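Undergrad: from the sequence below, what's the structure:
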Amino acid sequence: MKHEHDDHSNHAAMHIHGPVKDDPREYAKFGLVITAVLALSFLFHEVFSLPFTESLMGVFLVTFAGFKLINLKEFAYGFQSYDLLAKRSLQYSYLYPFIQLTIGLLYMMGFASTLLHIVALLVASIAAAGVLKSLLGKNAVHCVCLGNVVKLPLSRISFVEDFGMALMALTMILL
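TA: I've put the predicted structure just below:
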């Protein structure tokens, strides 16, 4: 059964984002952000250690949440076009960057715990499932993982990002 808000959110997402383009300059921006996140994590911890993974997750989540918060409304409607929970609740779309920010800050401040790893695993897994479903359905939507700063089509990069976060959280649970 189709809900009235589905039409509104799809229309709003298409209106806000316009046609999906695959621009190499946008990938360069994305690469720069990832390089900065990795550099900050290397600065503080030995590579492939648990503190490094926690630091990487923290910096990554805080950075990506910050980009989403630049234009929260645009993010919320764009996210609703492909995330499984956001499709059911626009409020979740608005809350998502704050969830990421909180998880990231807790990691960065050294408050990592099994509970935090489980929450990070759940959040990242749900996001990865939504991206995978959209990719398999060949839905042409923008990835809003970096808010309006980097405009890329939803792609395997988005899936790898979310799946990678889930995998790192799972690894931290098992260690």
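
Undergrad: just give me the neighbour total for Leu175.
TA: Using other C-beta atoms under 10 Å, Leu175 has 9 neighbouring residues. C-beta coordinates here come from the backbone N, C-alpha and C atoms, glycine included.

Undergrad: where do the strands sit along the chain?
TA: Using DSSP state E, the strands of the chain run over residues 142-143, 152-153.

Undergrad: and those, which one averages the lowest pLDDT?
TA: Comparing mean pLDDT across the strands of the chain, the weakest is strand 152-153, with a mean of 66.

Undergrad: mind listing residues that contact the longest helix belonging to the chain?
TA: Secondary structure of the chain per DSSP state H: the longest helix is helix 114-136. Residues outside helix 114-136 that contact it (C-beta atoms under 8 Å, 6 or more residues apart in numbering): 57, 61, 81-87, 99-100, 103, 106-107, 141, 143, 154-156, 158-159, 162-163, 165-166, 168-170, 172-173.

Undergrad: may I have stretch 93-112 exported as CSV, CA atoms only?
TA: Taking Å, rounded to 0.1, in the frame of the first residue of the first chain, the C-alpha atoms of stretch 93-112 are listed here in CSV:
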residue,chain,number,x,y,z
SER,A,93,15.8,11.0,8.5
TYR,A,94,16.1,14.1,10.5
LEU,A,95,17.4,12.2,13.5
TYR,A,96,20.0,10.1,11.6
PRO,A,97,22.8,12.7,11.5
PHE,A,98,22.5,13.2,15.2
ILE,A,99,22.7,9.5,15.8
GLN,A,100,25.8,9.3,13.7
LEU,A,101,27.2,12.4,15.5
THR,A,102,26.6,10.9,18.9
ILE,A,103,28.1,7.5,18.0
GLY,A,104,31.1,9.2,16.5
LEU,A,105,31.7,11.5,19.4
LEU,A,106,31.4,8.6,21.9
TYR,A,107,34.1,6.7,19.9
MET,A,108,36.4,9.8,19.7
MET,A,109,36.0,10.5,23.4
GLY,A,110,37.0,6.9,24.3
PHE,A,111,33.6,5.7,25.4
ALA,A,112,33.6,2.7,23.2
